[in-house]
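S.K.: Got a sequence here, can you build the structure:
(one chain, ligands or ions: 1)
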Amino acid sequence: MIKRQTTINSIFRISGTGLHSGATVTLEFLPRREQGIAFVHKGRIIPARYDMVDDTRLSTMIASEGASVSTIEHLMAAFYFSGITNCLVYIDGSEVPILDGSAWEFYQGLWKAGVYEFNEDNVYLKVNRPIETSQGDAWVRIKPLNTLDITMTIEFRTPVGRQRKRVMDVENAFSIINSRTFTLMEDIEEIKKAGLAKGGSLENAVVIGANDIVNPHGLRYRKELVNHKILDLIGDLYTSGYRILGKVEAFRTGHHLNNLLLKELFSSEENYSVY
Ligand SMILES: [Zn+2]
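M.R.: Numbering: from 1, shown residues only. From the prediction side, this is the model:
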């Protein structure tokens with residue numbers, strides 16, 4: 001468990017293709033003194049924070065004054081897992097690369113860059129009372145607890161069905177970091193028609209066919225799909241700007257509900273304490 005604010009100890013770069021744009025993008029990671037993760041695009045600093053989130057339909061996108069960065073959630077989860085609280089990410093496009101569809105390469109890059117610790121704390125946010133948001137039959141809620149404990153349930157057509165997973169020690173749940181994004185076969189055409197998923201392939205997403213996983217090597221974990229939803233949730237929760245402590249339970253949640261949960265949480269200072 002980290003106790004103080006941290007940044008990376010050396011500069012590094014990662015390049016790859018944007019899932020939706022198909023464009024090649026390079027990220028350059030720089031140490032930052034100021035608290036928080038922020039992107040720099042078109043000369044503008046965009047804090048990777050819940051109140052900068054502009055679109056949550058297929059990924060989490062942040063925007064400020066005409067500059068935007070989408071699909072930030074896997075990178076944000078990598079920052080969470082590597083214990084980095086402060087960092088500047090220069091990006092020469094408007095979408096974070098999808099890489100293998102998980103947070104693995106970002107996590108490796110951050111790990112190799114090393115950690116520099118500051119004296120300041122204020123890195124944890126403890127939830128003081130239950131907060132819940134829902135839409136249709138989907139919901140996500142958080143209750144007071146001294147650790148981050150996540151229970152996620154997903155439900156899709158066969159062969160996925162209903163899958164549930166509880167992670168009690170999220171900071172050390174390494175099978176979450178390299179669990180890949182996924183899509184149903186029938187949704188691909190729809191998404192491509194909308195001009196999205198131009199960079200999508202079996203190299204960066206799990207594709208669920210009529211009866212089985214389409215990818216030749218199948219899944220990395222039996223619960224890879226629900227693991228990935230936990231990864232997305234961790235990345236989205238980290239846009240709070242803090243390492244959240246609480247017992248989180250979610251049913252079919254997504255980027256939109258995750259963002260609403262944070263807006264609800266920050267709607268009253270009595271809902272949380274920071275230390
Ligand atoms: Zn994802």
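S.K.: Give me the mean pLDDT for stretch 158-170.
M.R.: Averaging pLDDT along stretch 158-170 yields 96.
S.K.: Hmm, I typed the wrong one, I wanted stretch 37-53.
M.R.: In the prediction, stretch 37-53 has an average pLDDT of 97.
S.K.: buried ones in it?
M.R.: 37-41, 46-50, 52-53 (16 or more other CB atoms under 10 Å). Any C-beta I mention is one placed from the backbone N, CA and C, and that applies to glycine too.
S.K.: Any chance of JSON lines for these, columns distance to Leu265 and secondary structure?
M.R.: Shown next, in JSON lines, are these (distance: CB to CB, whole Å; DSSP: H, G, I helix; E, B strand; the rest coil):
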{"residue": "Ile37", "distance to Leu265": "18", "secondary structure": "strand"}
{"residue": "Ala38", "distance to Leu265": "21", "secondary structure": "strand"}
{"residue": "Phe39", "distance to Leu265": "22", "secondary structure": "strand"}
{"residue": "Val40", "distance to Leu265": "27", "secondary structure": "strand"}
{"residue": "His41", "distance to Leu265": "27", "secondary structure": "strand"}
{"residue": "Ile46", "distance to Leu265": "21", "secondary structure": "strand"}
{"residue": "Pro47", "distance to Leu265": "17", "secondary structure": "strand"}
{"residue": "Ala48", "distance to Leu265": "17", "secondary structure": "coil"}
{"residue": "Arg49", "distance to Leu265": "13", "secondary structure": "coil"}
{"residue": "Tyr50", "distance to Leu265": "9", "secondary structure": "helix"}
{"residue": "Met52", "distance to Leu265": "16", "secondary structure": "helix"}
{"residue": "Val53", "distance to Leu265": "14", "secondary structure": "strand"}
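S.K.: if we take those, which one ends up nearest to Val248?
M.R.: Comparing the buried residues of stretch 37-53 against Val248 with CB to CB places Tyr50 closest, at 14.9 Å.
S.K.: measure Glu95 to Glu65 for me?
M.R.: Plainly put, Glu95 is 18 Å away from Glu65 if you go by CB to CB, to the nearest Å.
S.K.: Show me which of those two is the more surrounded one.
M.R.: Taking neighbours as other CB atoms under 10 Å, Glu95 and Glu65 compare with Glu95 leading, 23 against 9.
S.K.: who touches that one in this structure?
M.R.: Residues counted as contacts of Glu95 (CB atoms under 8 Å, 6 or more residues apart in numbering) are 18-21, 23, 25, 69-71.
S.K.: Try it again at 6 Å.
M.R.: 18, 21, 70-71 (CB atoms under 6 Å, 6 or more residues apart in numbering).
S.K.: Those residues of the stretch 151-275 of the chain touching the ion, which are they?
M.R.: 181, 232 (CB under 5 Å from the ion).
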